[in-house]
Structures are given as structure tokens and as C-alpha cells.
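Colleague: fold the following.
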Amino acid sequence: MRRKQYVIAGTLVIIAAIGTTVLYSNNREKERVQMEAELAQEMNQNDPEQVAAAEDTESAAEASTVIPPKKARTTESTQKQEITRTTKDTELPEQNRTTETAEVTETQESGADTETRKTAQETAEAQETSAAPETLHFSPEEGISWPMEGNVILNYSMDSTVYFKTLDQYKYNPAVIIAGDVNSKVYSVAKGQVTRVANDEVTGCTVTVSLGDGYEAVYGQLKELTFDEGDYVEAGHVIGYVSEPTKYFSLEGSNLYFELHKDGVPVDPVDYFQ
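Modeller: Okay, the predicted model is just below:
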């Protein structure tokens, strides 16, 4: 019994000690909390600005966690709208430029087609004009002009022979031989068309011009011709220039050999000279 009493007494002592310790701890905790609260209140009373700043900061933090930043979203939306408008504004001139380019290209192509058609038409007209032979008419009454200035050193003579000094013989002469310096101009005696250009052993470079109505003019001892076969010449045009004489006229000197034909038969040019 005594032992039990001791055990009970010891247990009660331990329980009392534990209770006392717990009670003491609670009292100490309450005192600590109260002291911290009093200290915080005292600090807040001593610095009102910090209290206001802390309250503003706390309010702003609470507001930012509750209300989303509408201004930021508005700015982002505005930027998107600006980008969209800019893109549209950029695309529109591009479309305009494309349209303008197409119009310019179409205009250029149209102009090129018009120019091509015009050129083709002009070419066709020129070919038609050149293909259509010009009608030549020669009037014996109007006669011919002299082909160059100079003295006749050998007359036309088909009824009797005349003396050729270089050949040292008498021959018939179907032309008139007109003396002239080398490089003297030789003129067309009438309007006509160049029908033949040839190099002859006797008369050198020789040009035949059709005058129309069966008449032809033949120019010999020439150089540096100004017309080709098929070309038309007018009276007074320069046909060419007097060249060095061939070996058949070396003693006669430089000259123009000139014949006039009617239906292929030589006639006296002097009868037709104006």
C-alpha cells in the first residue's frame, strides 16, 4: 500500500509538473505575442509614412492579384490593329503598283503592236512602190543635156570611118568622145533607170541607163559610181567621175565615152543635145 501511495504521489507530482510547464509555456507565448503586437503598434505610431506606404503597397498588391492590367491588353490590341492597318496600307499600294504595271505593260505592248503594224505597213508600201516599175517617157523634142563639159575629140560616125590615134586605124564610131580631166563629174543626160553596170575592155566601167520609149544612154570610162543597177536617176544627177583612160584611148587621153541608142541602134547624140 505504501508503495502504491508512493507511485501515485510520484505520478501526481509528474502530472502537476507537466501541467505547470504547459501553463507556463502558454503564458510565455501569450506574453510574447502581446509584446510583438505592442511593439508593432508602437512602430506604426512612430512612422505614419511607412504605415501609409505599407498599406498602399499591400493594397496595390491585392488589387494586382485581383484586377488584370487592362491597359496592357488595350495597348497590345492597339498594336495589333496598327500592324493590321499598316499591312493593309502596304498591300494596297502594291496592288495599285501591280495594276499600274499591268496598265503600262499593256500600253507598251499596244504601242509596240501599233509600231510593228505601222512599220510592216510602211515596209509593204515601200516594197510595193519599189516593185512597181516607174513608167519612163523620153521626148526627142526636149532632147538631152550634155553629160559633161569638154571638147568632142571624136565625133559620132557610122556612115564613114574616123581615125583612132591610139589604135592607129580608121574605124566606125558609135559614140562621141568628150575630153575631160580625171575626176571630172559626169551627169545624167535625162531621167532614167540604171539597167546595167559592167566593166568593158574598151570603154572601162560602163553604165547603161534606160530613158524610156526605146532610148538608152551609155556612159563609159567612169569610176566611183553613185548609183547601182535598178536605181532611178534624174537629169543632172552625178552618175560618176572620169577615170584614167583604157589602153585603147591612151593617146586620146582621159575622156567620157557616150552613146545614145534608139531600139538598140546607135544614133548621133549631137542631134539630141540641148
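Colleague: from A217, how far off is Y232?
Modeller: Y232 sits 13 Å away from A217, going by CB to CB, to the nearest Å. For the C-beta atoms, the positions are set from N, CA and C on the backbone; glycine is no exception.
Colleague: who has more neighbours, these two?
Modeller: The residue with the greater number of neighbours, taking Y232 and A217 and applying other CB atoms under 10 Å, is A217; the counts read 24 against 16.
Colleague: ok, the more buried one - contacts?
Modeller: For A217, the contact set (CB atoms under 8 Å, 6 or more residues apart in numbering) comprises 144, 147, 188-190, 192, 208-209, 211, 258-261.
Colleague: quick check: domain ranges of the protein?
Modeller: Under the assignment automatic domain parsing, the domains of the chain span 2-66, 152-271.
Colleague: just those domains: most buried one?
Modeller: Compared across these, domain 152-271 shows the largest average neighbour count, a mean of 17 (mean count of other CB atoms under 10 Å).
Colleague: I'd like the average pLDDT over that one.
Modeller: With pLDDT averaged residue by residue, domain 152-271 scores 97.
Colleague: what sits against V270?
Modeller: Contacts of V270 by CB under 8 Å, 6+ apart are V152, N155, Y156, V176.
Colleague: cool, V176 as well?
Modeller: V176 makes contact with V152, L154, N155, Y156, F258, D268, P269, V270 under the criterion CB under 8 Å, 6+ apart.
Colleague: now, the residues you listed that are in strands?
Modeller: Of those, the ones assigned to strands by DSSP state E are V152, L154, F258.
Colleague: so which of these comes closest to Q34?
Modeller: In terms of CB to CB, no member of the ones in strands among the contacts of V176 lies closer to Q34 than F258, at 152.5 Å.
Colleague: correct me if wrong: that closest one contacts E216.
Modeller: No: with contact defined as CB atoms under 8 Å, F258 and E216 do not form a contacting pair (11.5 Å).
Colleague: name the SS class of I18, please.
Modeller: Classification of I18 using DSSP: H, G, I helix; E, B strand; the rest coil returns helix.
Colleague: how far away is it from E38?
Modeller: Noted for I18: a distance of 30 Å to E38, by CB to CB.
Colleague: cool, K223 as well?
Modeller: 139 Å.
Colleague: then E224?
Modeller: Using CB to CB, we find E224 at a distance of 135 Å from E38.
Colleague: N183 now?
Modeller: Using CB to CB, one gets 139 Å for the distance from N183 to E38.
Colleague: got it, and A190?
Modeller: Here the distance between A190 and E38 works out to 144 Å (CB to CB).
Colleague: same list (the ones in strands among the contacts of V176) but as a markdown table, adding distance to Q5.
Modeller: What follows is the ones in strands among the contacts of V176, written out as a markdown table (distance: CB to CB, whole Å):
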| residue | distance to Q5 |
| --- | --- |
| V152 | 191 |
| L154 | 192 |
| F258 | 184 |
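Colleague: return the member of those nearest to V13.
Modeller: Nearest to V13 out of the ones in strands among the contacts of V176 is F258 (CB to CB; 173.7 Å).
Colleague: does L260 sit in a helix or strand, and which one?
Modeller: strand 255-262 (DSSP states H and E).
Colleague: sec struct for E216, please.
Modeller: Bear in mind the rule, three-state DSSP; under it E216 is strand.
Colleague: that one reaches H261, doesn't it?
Modeller: Yes: here E216 reaches H261: they are 4.4 Å apart, a contact under CB under 8 Å.
Colleague: contacts only, for E244.
Modeller: Going by CB under 8 Å, 6+ apart, E244 touches V182, S254.
Colleague: and the helices in the chain?
Modeller: For the chain, the helices identified by DSSP state H occupy 2-46, 48-66, 70-131, in order along the chain.
Colleague: check these for me: which has the lowest mean pLDDT.
Modeller: If the helices of the chain are sorted by mean pLDDT, helix 48-66 sits at the bottom with a mean of 49.
Colleague: quick one: which of the contacts of A217 is nearest to I239?
Modeller: Relative to I239, the closest of the contacts of A217 is S188; by CB to CB it sits at 5.5 Å.
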